[in-house]
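Participant: The sequence and its predicted three-dimensional model are supplied below.
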Amino acid sequence: MSNTLNKQLTRTRRHNRIRKSVIGTATRPRLAVYKSNRYLHAQIIDDGKGVTLVAGTTKDIAKNAKKMDAAEKLGAQLAEKAKAAGITAVVFDRGGFRYTGRVATLAAAARKGGLEF
């Protein structure tokens with residue numbers, strides 16, 4: 001098994017373990033994060049209805065910005081969109097990624113923007 005495939009499988013297994021306990025509801029939707037090598041994607045999802053309420057990606061933010069700065073802007077933008085949609089509290093789903101770097105920066109910016117989790 002190649003090293004890349006092994007990393008993908010272990011991340012998927014971690015994500016499945018997390019998803020057993022992290023469930024988004026109408027009152028407290030799930031803030032799901034996906035991190036690729038280049039971009040960061042985040043969605044606020046109501047798992048009961050299976051609907052994405054708010055979404056954002058660093059593709060839309062700034063093409064020339066550094067990854068950490070783009071993650072911070074995405075977190076603030078997501079919190080702003082969530083407030084406009086009437087969402088104040090979420091559960092955080094890190095998607096099997098470590099809670100450090102861009103994932104932690106996005107979470108801190110979302111908290112600073114007014115989301116509770």
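Facilitator: On my side now, so go ahead.
Participant: Could I get the buried residue list for the helix or strand hosting Ala76?
Facilitator: Take DSSP states H and E as the rule and Ala76 turns out to sit in helix 67-84. Neighbour-count burial for helix 67-84, counted by 16 or more other Cβ atoms under 10 Å, picks out 67, 70-82. Any C-beta I mention is one placed from the backbone N, CA and C, and that applies to glycine too.
Participant: what's next to that helix, contact-wise?
Facilitator: 31, 40, 42, 44, 53-54, 56-58, 61-62, 65, 88, 90, 101-103, 105-115 (Cβ atoms under 8 Å, 6 or more residues apart in numbering).
Participant: Quick one: mark the members of these that sit in helices.
Facilitator: Within the contacts of helix 67-84, residues falling in helices by DSSP state H are Arg102, Val103, Thr105, Leu106, Ala107, Ala108, Ala109, Ala110, Arg111, Lys112.
Participant: Next, count neighbours for the second one.
Facilitator: So the one you mean is Val103. Look at Val103: counted by other Cβ atoms under 10 Å, it has 21 neighbours.
Participant: who touches it in this structure?
Facilitator: If you count contacts by Cβ under 8 Å, 6+ apart, then Val103 has Val33, Lys35, Leu40, Ala71, Arg94, Gly95, Phe97 around it.
Participant: tell me the centre residue of this structure?
Facilitator: Note on the chain: the residue nearest the mean C-alpha position is Val33, at 2.4 Å, using Cα atoms, centre = their mean.
Participant: separation between that one and Leu5?
Facilitator: Going from Val33 to Leu5 by Cβ to Cβ, to the nearest Å gives 22 Å.
Participant: Next: Ala89.
Facilitator: For Ala89, the distance to Leu5 - Cβ to Cβ - is 37 Å.
Participant: Kindly report the same for Lys66.
Facilitator: On the measure of Cβ to Cβ, Lys66 and Leu5 end up 29 Å apart.
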